[in-house]
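A.B. asks: sequence below, structure please.
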Amino acid sequence: MVYLLKFGAGWLLPPGTFILLLLFLVWRLWKKNERRIAAALAGVTFVLYLFCTSLLAEALMSRLENAYPVPDNPQGDVIIMLGGGALPDTHDVDGAGTLCASPANRLLTAARLQRKLNIPVLLSGGKVYDDSGEEAKIAARVLEGLGVPPEMILVETRSINTNQNARFSAEILSEQGLTRPILVTSAFHMKRSVLNFTEYGVKVLPYPADYLTNPEHTFHYNKLKPSADALRDNVTVLQEALRTVVTQISGL
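C.D. replies: Residues are numbered from 1 along each chain as shown. Next up is the predicted model:
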């Protein structure tokens, strides 16, 4: 019963309601003998529906996330953690400003790696918009709160995208004489990140974090309900694919 209620709720909330409205419009057009338009709209609606299902989202996201495996015994002389969003004025345990969900998960992995390997952490990420936080500075404060010594934390605050993450991090690595970086970022973001670092002559050891899918999938009919989360994940996959192509073509 619980699963049936979840399935029904998926159609009563966006984007499910929009799909139902589109299907109603298809039916009305068909009744008015506008069948060519109805068929075209039905096709568009079906594609939209597919992109709103976690069944498709899991398949696409899992393939992207598993581009690089988590190394069993990582070795390096620095951990690079890429930013992914921060809020400047939210209250935290030891100050103002918090990381968004993805970079917070990345930071947890970076902090545990730092404790295990006892090597410095380079935090890369600046202030992207006027109302967003300085990612690296907020992450540094949180790391210190987790017990990482300040002298083991390097901060890069100029970058506002992945290309700049790689560019400015490469400069700091050169200045510090660090040559074996371990790269920590979200698993869905790793493929493009490695490409950017490679363009600046930096060979990284990928250490993916912040997974959104499980490697093993099982089918459940609730994976066929429309979901805003599934649509977001599918859009993320498409964004990563587009940005990877742009990076390969232009180096941006």
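A.B. asks: only C-alpha atoms for contact and neighbour calcs from this point on.
C.D. replies: Will do.
A.B. asks: helices of this protein, residue ranges please.
C.D. replies: All helices of the chain, identified by DSSP state H, fall at 2-12, 16-31, 35-51, 54-65, 101-117, 135-145, 162-176, 187-199, 228-250.
A.B. asks: looking at these, which is nearest to L87?
C.D. replies: Closest to L87 of these, according to C-alpha to C-alpha: helix 135-145, at 8.3 Å.
A.B. asks: buried residues in that closest one?
C.D. replies: Applying a neighbour-count criterion of 16 or more other C-alpha atoms under 10 Å, one finds 135-144 buried in helix 135-145.
A.B. asks: helices or strands up against that helix?
C.D. replies: Applying 3 or more C-alpha pairs under 8 Å, 6 or more residues apart in numbering; DSSP states H and E, one finds that helix 135-145 makes contact with strand 95-99, helix 101-117, strand 121-124, strand 153-156.
A.B. asks: ok, residues contacting it?
C.D. replies: Residues from elsewhere that reach helix 135-145 (C-alpha atoms under 8 Å, 6 or more residues apart in numbering): 83-86, 94, 97-99, 107, 111, 123-127, 150, 153, 155-157.
A.B. asks: which among those end up buried?
C.D. replies: Of these, these count as buried by 16+ other C-alpha under 10 Å: 83-86, 97-99, 107, 111, 123-127, 153, 155-157.
A.B. asks: pLDDT value on the residue lying closest to Y221 once chain neighbours are set aside, please?
C.D. replies: Distances taken as C-alpha to C-alpha, 6 or more residues apart in numbering place F7 nearest to Y221, at 8.0 Å, with adjacent residues excluded. pLDDT for F7: 86.
A.B. asks: now for F7, how many residues are close by?
C.D. replies: 18 (other C-alpha atoms under 10 Å).
A.B. asks: which residues does it contact?
C.D. replies: So F7 contacts 221-222, 225 (C-alpha under 8 Å, 6+ apart).
A.B. asks: rewinding a little: redo the helices and strands packed on helix 135-145 as a markdown table? Include mean pLDDT and distance to S186.
C.D. replies: Output for the helices and strands packed on helix 135-145, formatted as a markdown table (pLDDT from 0 to 100; distance: least, C-alpha to C-alpha, whole Å):
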| stretch | mean pLDDT | distance to S186 |
| --- | --- | --- |
| strand 95-99 | 91 | 14 |
| helix 101-117 | 96 | 6 |
| strand 121-124 | 98 | 14 |
| strand 153-156 | 98 | 18 |
